[in-house]
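Participant: Pasting the sequence and the predicted coordinates here, then a few questions.
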Amino acid sequence: MRRGGVRKSGWLGAAALCMAAAALCGLLWRGKPPAEEGEQPPEAPKAEAAWVPFSWGKEPLPESYDSRLFGRAPQVRDQGSFGTCWAFASLAALESSLLPQEEAEFSVDHMSLQNSFNLSQDQGGEYSMSMAYLLAWQGPVLESEDPYGDGLSPEGLSACKHVQEIQILPSKDYEAIKRAVYEKGGVQSSLYTDLTQLGQDSRFYNADTNAYCYDGPEKANHDSVIVGWDDHFPKENFREMPEGDGAFLCMNSWGREFGDQGYFYVSYYDSNIGVSNISYTGIWPFDHYDQIYQTDLCGWMGQIGYGQETVWFANVYQAQTEEKLEAAGFYATMENTSYEIYVADRLEGEGSKGLSEASLAASGQLRYSGFYTVPLEEGIQLTAGERFAVIVRITTPGAVHPAAIEYDGGSGVAHVDLSDGEGYLSSDGQSWERVEETMNCNLCLKEYTSLASEFE
Ligand SMILES: [Ca+2]
Ligand SMILES: [Ca+2]
């Protein structure tokens with residue numbers, strides 16, 4: 001039986017948080033005007049690209065695909081009366097990405113209660129919150145450690161996986177979505193639904209064929225997971241006939257009584273499905289790196305830059321023990337971002353001193369936006385107490401504010417702590433400004449280390 005009558009949509013309403021990024025851009029534009037032609041920063045030397053992100057194949061995809069037939073669909077679950085669809089959808093997508101090799105059930109309570117946001121389980125959430133929680137190594141934890149819906153969430157649990165790469169597939173790129181489902185597992189996506197109760201009538205949903213299509217202007221208010229597709233799903237199956245055939249197979253979090261054992265079909269012509277699409281492409285064992293240095297527990301909340309496609313950003317940290325710096329993690333805020341990663345170790349003196357004498361440690365290109373963890377070509381030995389920095393130069397075609405930041409937009413939704421960071425921004429890699437002081441933000445740039453005992 002259901003726990004409650006009314007189902008919260010699970011979303012925060014119009015643009016409360018997630019792509020507040022876009023809204024913040026305008027606010028945070030500052031600094032120098034775009035460079036005149038001929039004033040571009042000098043080209044840096046290129047390192048060999050030894051590492052690439054999870055790369056998608058090229059072979060043709062089938063006309064239909066159903067994850068359930070290949071043991072790649074996780075358990076259907078029931079969010080009950082809480083607004084937790086966003087967490088169910090992220091964790092189901094994550095579980096699906098591990099299947100069929102590894103079966104896990106992750107805790108929605110933990111994701112929705114032990115994150116860095118001030119929202120109760122009744123208040124909804126969205127994918128940027130799940131990304132922030134996972135990438136900060138706040139989770140995932142197992143469902144058995146923190147069962148759902150009991151109003152409790154134990155403190156002190158640690159992540160059983162390290163999520164290091166999340167690709168955001170382009171809006172309405174159905175080929176990319178299908179490929180991700182086929183090669184990597186469920187894709188978290190969102191739609192608008194007016195269904196609030198099981199068995200409720202909706203003019204967008206045909207309960208006989210489990211077929212949903214909404215083609216109006218409402219914004220998405222519900223998250224689900226795309227786990228398959230059928231290019232020939234008949235348009236006649238929908239209550240209001242769309243332009244053509246074809247639908248995604250989606251997994252819902254309304255229990256097995258909904259749809260076909262918890263699954264339903266969403267038309268290719270639905271206005272929201274496939275607009276925001278998250279694929280968990282890098283899920284590593286919890287001991288893949290030992291230590292994470294970060295200042296952005298709330299994740300990607302806004303963007304900054306100098307009104308040009310290229311920007312330099314750096315976070316300075318202090319090594320806790322003897323460690324080896326292994327990798328850096330950051331967001332590509334749009335497609336086709338290229339990057340160069342530099343490391344400055346044994347920093348002496350205050351402020352940005354030493355940042356401009358860093359050595360190139362990795363470079364490459366990222367096709368989709370999202371979060372990427374790039375291993376350094378050679379690990380850098382750190383001693384306890386040493387100040388060190390990773391510096392990233394990114395070029396994002398079409399962007400005016402290419403660097404992702406943690407920033408308090410004033411909505412009260414996020415617990416933004418600016419005291420945990422020492423970040424620097426530069427248009428040329430030479431002259432730096434301290435972002436906590438000049439822009440009230442932290443930079444989204446994580447650094448990962450291994451402990452000394454493991455490499456000696
Ligand atoms: Ca619990
Ligand atoms: Ca912070």
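Facilitator: Great, that's in hand. Ligands and ions are numbered 1, 2, ... in the order given.

Participant: CA only for contacts and neighbour counts going forward, please
Facilitator: Noted.

Participant: Show me what secondary structure element comes after the top strand by length along the chain.
Facilitator: Ranked by residue count under DSSP state E, the longest strand found in the chain is strand 369-382. Downstream of strand 369-382, the first helix or strand assigned by DSSP states H and E is strand 387-395.

Participant: got the buried residues for the helix or strand following that following strand?
Facilitator: Once strand 387-395 ends, the next helix or strand along the chain (criterion: DSSP H and E) is strand 403-407. By 16 or more other C-alpha atoms under 10 Å, the buried positions in strand 403-407 come out as 403-407.

Participant: how about the nearest residue to the residue nearest the centre of the chain, chain neighbours excluded?
Facilitator: Nearest to the mean C-alpha position of the chain, by C-alpha atoms, centre = their mean, lies residue 131 at 3.8 Å. The shortest distance from residue 131 to any non-neighbouring residue, by C-alpha to C-alpha, 6 or more residues apart in numbering, is to residue 299 (7.3 Å).

Participant: What about the residue in the stretch 201-350 of the chain that ligand 1 sits nearest to, how many residues nearby?
Facilitator: Residue nearest to ligand 1 within the stretch 201-350 of the chain: residue 253 (17.1 Å; C-alpha to the ion). When neighbours are counted by other C-alpha atoms under 10 Å, residue 253 registers 24.

Participant: Spit out the contact partners of the residue of the stretch 201-350 of the chain found nearest ligand 2.
Facilitator: Using C-alpha to the ion, the closest approach of the stretch 201-350 of the chain to ligand 2 is made by residue 295 at 4.1 Å. Under the criterion of C-alpha atoms under 8 Å, 6 or more residues apart in numbering, the neighbours of residue 295 are 406, 418, 420-421, 442-446.

Participant: now do residue 166
Facilitator: 131, 278-282, 370-372.

Participant: and it, what are its bridge partners?
Facilitator: Residue 166 has these beta-bridge partners by DSSP bridges: residue 280, residue 371.

Participant: With residue 341 instead?
Facilitator: Where residue 341 sits in a bridge, its partners, by DSSP bridges, are residue 362, residue 392.

Participant: any idea how far residue 374 is from it?
Facilitator: The gap separating residue 341 from residue 374 is 9 Å, by C-alpha to C-alpha, to the nearest Å.

Participant: for residue 255, same thing?
Facilitator: Taking C-alpha to C-alpha, one finds residue 255 at 38 Å from residue 374.

Participant: Between the two, point out the one with more neighbours.
Facilitator: residue 374 (25 against 20).

Participant: Does that one touch residue 327 like I think?
Facilitator: Yes: the criterion here is C-alpha atoms under 8 Å, and residue 374 meets it with residue 327 at 5.4 Å.

Participant: secondary structure class for residue 419?
Facilitator: State at residue 419, reduced to three classes by DSSP: H, G, I helix; E, B strand; the rest coil: helix.

Participant: Kindly list the main-chain dihedrals of the residue nearest to it when sequence neighbours are not counted?
Facilitator: Once flanking residues are discounted, residue 419 sits nearest to residue 436: 8.0 Å by C-alpha to C-alpha, 6+ apart. Phi and psi for residue 436, reported as degrees, to the nearest 10, are phi -60, psi -30.
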